[in-house]
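Visitor: what would the 3D arrangement of this be:
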Amino acid sequence: MAYAVPRAAAEGKTVDFSLTTNATLLTEEMVDWFNTHRFALTVSMDGPKALYDRNRKTVGGKGTYDIVERKVRMLLARYTARPVGVRVTLTRGMTDVIAIHDHLKNDLGFAEVGFGPATSGPIAVFNLDDGALKRVFEDMKTLGRQYTEDACRGENVGFSNMHQLLTDIAQGTKKAVPCGAGLGMLAVDKHGDLHLCHRFVGSDEPTYGNVETGIDVPRLADFIETAQDRSAFGCKTCHIRSICAGGCYHESYARQGDAFAPVYHYCDLMRDWVDFGVEAYVRIMQANPDFFCSQLEPRMAKPGPARPAATQETAL
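Guide: Numbers count the residues shown, from 1 in each chain. Got it, this is the predicted structure:
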């Protein structure tokens, strides 16, 4: 950061910082430093103690919820620069969306809760199968209905996935590519090599330069140009193509071995989710159009919680 801020100013640019953390090593001094420099902070946390301690263990096998809860309460009491969001990874057996949201939002006090289902991670035992994924989407719609009812009354339940979906609809989003990978974002591995995003680090996919030699612009441009052409896959006739744009590159790579293929295992669910969002948008517009001005527009215009890094984050 000490390097980036003056370098950006010299180039006539602005630079912003975000951090996702499991919170275990946070100290008051760190939180105060993040506060001074207005970091967008997101905590990675998977719900109440009984769920959280199943997967989040120390090397000795003990659950870490009690440690993280103390750190989170300290963080939320101390951090004032921006709203703090929480990112939930839904894994096999850890899919109670309603209870998880209630605990993280209402018991701990996070500003927003966002969910990302794991379906193509390297450890298969954690991945959701198609049945579990469908149940997750149904639970998300249940929470989305609560979000809609509360929005009609001018209240905000802090459900990041609905925030993002309604923002895309309200702004008339028309995406040529599914996300910022290779455009606004690259990931750096321990050797300094550049990847499309953090999920491709360690994969067999090509890299796009190095921090020492710079970005391989021709190779990266070729990837982005190819990614925009989904005509071979049927996306051209899909009614949510402007919001989805084919879906997460890494999901396609992990599931089908082709980063350019659509995320077929998500297609029907995503169409249903976007249709659900359109219905919610219409209801809120009819009952309380001020909700978009008071809740969504400030979120679009001002720094807020980091977006949930959902597995299919183009429309989730």
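Visitor: and residue 224, how many neighbours?
Guide: Counted with other CB atoms under 10 Å, residues neighbouring residue 224 total 14. C-beta coordinates here come from the backbone N, C-alpha and C atoms, glycine included.
Visitor: strands of the stretch 51-200 of the chain, start to end?
Guide: Along the stretch 51-200 of the chain, the segments classed as strands by DSSP state E, counting those that start in this stretch run 85-90, 112-117, 187-188, 194-195.
Visitor: and the first one, C-alpha only, in CSV?
Guide: So the one you mean is strand 85-90. Extracted in CSV, the C-alpha atoms of strand 85-90 (Å, rounded to 0.1, in the frame of the first residue of the first chain):
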residue,chain,number,x,y,z
GLY,A,85,-19.7,-7.8,5.0
VAL,A,86,-19.4,-11.5,5.5
ARG,A,87,-18.8,-14.1,2.8
VAL,A,88,-20.2,-17.6,3.4
THR,A,89,-19.0,-20.7,1.6
LEU,A,90,-21.8,-23.2,1.3
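Visitor: what helices and strands are in contact with that strand?
Guide: The helices and strands touching strand 85-90, judged by 3 or more CB pairs under 8 Å, 6 or more residues apart in numbering; DSSP states H and E, are strand 40-44, strand 112-117.
Visitor: and these, which one averages the lowest pLDDT?
Guide: Ranked by mean pLDDT, the helices and strands packed on strand 85-90 bottom out at strand 112-117, which scores a mean of 92.
Visitor: what helices and strands are in contact with that strand?
Guide: By 3+ CB pairs under 8 Å, 6+ apart, strand 112-117 packs against strand 85-90, helix 97-102, helix 130-152, helix 160-171.
Visitor: mind checking the strands of the stretch 51-200 of the chain for the one nearest to residue 167?
Guide: With CB to CB, the closest approach to residue 167 among the strands of the stretch 51-200 of the chain belongs to strand 112-117: 12.3 Å.
Visitor: quick one, that closest one and helix 160-171 angle?
Guide: If you take axes from the mean of the first three to the mean of the last three CA atoms, to 10 degrees, strand 112-117 sits at 100 degrees to helix 160-171.
Visitor: so how far does stretch 101-117 reach from one end to the other?
Guide: In stretch 101-117, first residue to last residue: 14 Å (CA to CA, to the nearest Å).
Visitor: the chain should start at 471 in everything you say after this.
Guide: Yep, numbering from 471; the last one is stretch 571-587 now.
Visitor: before we move on, back to that, out of the helices and strands packed on strand 555-560, indicate the one that is most buried.
Guide: Comparing these by mean neighbour count (mean count of other CB atoms under 10 Å), strand 582-587 comes out on top with a mean of 26.
Visitor: name the nearest residue to residue 588, ignoring sequence neighbours.
Guide: Excluding its sequence neighbours, the residue lying closest to residue 588 (CB to CB, 6 or more residues apart in numbering) is residue 561, at 5.0 Å.
Visitor: contacts only, for residue 764.
Guide: Each residue near residue 764 by CB atoms under 8 Å, 6 or more residues apart in numbering is listed here: residue 624.
Visitor: go with 10 Å
Guide: The contact partners of residue 764, by CB atoms under 10 Å, 6 or more residues apart in numbering, come to 621, 624, 626, 758.
Visitor: beta partners of the residue nearest to residue 588?
Guide: Taking DSSP bridges, one obtains residue 564 as the residues bridged to residue 561.
Visitor: how about the helices of this protein, start to end?
Guide: Using DSSP state H, the helices of the chain run over 474-480, 498-506, 519-525, 535-548, 567-572, 600-622, 630-641, 687-697, 711-714, 719-726, 737-757, 760-761, 767-771.
Visitor: export those to JSON lines and tack on distance to residue 661?
Guide: Converted to JSON lines, the helices of the chain look like this (distance: least, CB to CB, whole Å):
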{"stretch": "helix 474-480", "distance to residue 661": "21"}
{"stretch": "helix 498-506", "distance to residue 661": "27"}
{"stretch": "helix 519-525", "distance to residue 661": "29"}
{"stretch": "helix 535-548", "distance to residue 661": "31"}
{"stretch": "helix 567-572", "distance to residue 661": "36"}
{"stretch": "helix 600-622", "distance to residue 661": "34"}
{"stretch": "helix 630-641", "distance to residue 661": "33"}
{"stretch": "helix 687-697", "distance to residue 661": "17"}
{"stretch": "helix 711-714", "distance to residue 661": "33"}
{"stretch": "helix 719-726", "distance to residue 661": "19"}
{"stretch": "helix 737-757", "distance to residue 661": "35"}
{"stretch": "helix 760-761", "distance to residue 661": "47"}
{"stretch": "helix 767-771", "distance to residue 661": "37"}
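Visitor: closest one to residue 584 among the ones you listed?
Guide: Residue 584 sits nearest to helix 630-641 of all these, at 3.2 Å, using CB to CB.
Visitor: in this protein, where is pLDDT below threshold?
Guide: Within the chain, the ranges that satisfy pLDDT under 70 run 590-596, 768-786.
Visitor: surely residue 674 is in contact with residue 723?
Guide: Yes. Using CB atoms under 10 Å, residue 674 makes contact with residue 723 at a distance of 9.0 Å.
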